[in-house]
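Visitor: Coordinates for the following, if possible.
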Amino acid sequence: MAKYNTREKKEKTSPIAYRSSVSPQFVEETAKKIITKLMVEQKYRDPKYSAKRLSADIEVNIRHISAVVNLRFQQNYSQLIANMRILEAKYMLQERSFDNMTVEDIAVNVGFTTRQSFYASFYRICGTTPKEYRVAHGFIPKADLPPETKPKKKTKKAAAKGRKRKARKSPTSK
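Guide: Below is the predicted model of the structure:
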């Protein structure tokens with residue numbers, strides 16, 4: 001997995017103490033608040049929206065947010081945000097209404113600050129590049145399309161000739 005500067009996951013051996021300090025009810029309530037803030041209000045699109053800001057918005061200790069995200073979603077906050085962004089990007093890459101947007105435009109729209117971070121996250125989660133994903137889902141790059149042919153405009157002379165011919169061929173004139 002050397003492509004796009006990704007690393008293998010390391011397994012942790014020691015249990016984390018603050019995970020056991022939260023009740024299942026607290027986990028579910030806080031998870032709903034997190035989903036509401038991130039998905040419904042689309043805070044995941046803001047590149048500067050951190051776990052600290054989420055903590056302040058839903059009034060829960062940042063360590064507890066970390067514990068809830070780990071217990072409920074089996075990932076850390078950064079991974080959760082990246083997954084939400086990639087999910088949105090995948091939708092935009094295969095939806096016809098976004099065909100006019102470049103991959104970089106979509107990356108910025110979903111909250112990535114750099115092209116490389118978008119490509120690395122997309123490749124790590126999907127196993128393919130955004131461009132390959134887009135092509136695999138029916139997008140045809142402009143380079144592969146046949147050139148557009150525009151109808152020729154009639155010049156004044158050609159238009160006048162056309163009128164003369166029509167006048168000669170009309171059934172009323174002999």
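Visitor: Next up, the contacts around I58.
Guide: By Cβ atoms under 8 Å, 6 or more residues apart in numbering, I58 lies in contact with 30, 33-34, 37, 65. No exception for glycine: its C-beta is placed from N, CA and C like everyone else's.
Visitor: show me what contacts A89?
Guide: By Cβ under 8 Å, 6+ apart, the contact list for A89 reads 106-107, 110, 118, 122, 130.
Visitor: got it, and K33?
Guide: By Cβ under 8 Å, 6+ apart, the contact list for K33 reads 58, 60.
Visitor: change it to 7 Å
Guide: Going by Cβ atoms under 7 Å, 6 or more residues apart in numbering, K33 touches I58.
Visitor: mind checking how far it is from A56?
Guide: 12 Å (Cβ to Cβ, to the nearest Å).
Visitor: and what of D105?
Guide: Between D105 and A56 the computed distance is 31 Å (Cβ to Cβ).
Visitor: From the contacts of A89, pick the one nearest K48.
Guide: V110 (14.1 Å; Cβ to Cβ).
Visitor: thinking that closest one is in contact with D46, fair?
Guide: No: in this structure, V110 is not within contact of D46 by Cβ atoms under 7 Å, at 10.5 Å.
Visitor: Could you rank the contacts of I58 by neighbour count and give me the top one?
Guide: Highest neighbour count within those: I34, with 23 neighbours (other Cβ atoms under 10 Å).
Visitor: residues of whichever strand or helix holds that residue that come out buried?
Guide: Assessed by DSSP states H and E, I34 sits inside helix 24-35. Within helix 24-35, the residues that qualify as buried are 27, 30-31, 33-34, counting by 16 or more other Cβ atoms under 10 Å.
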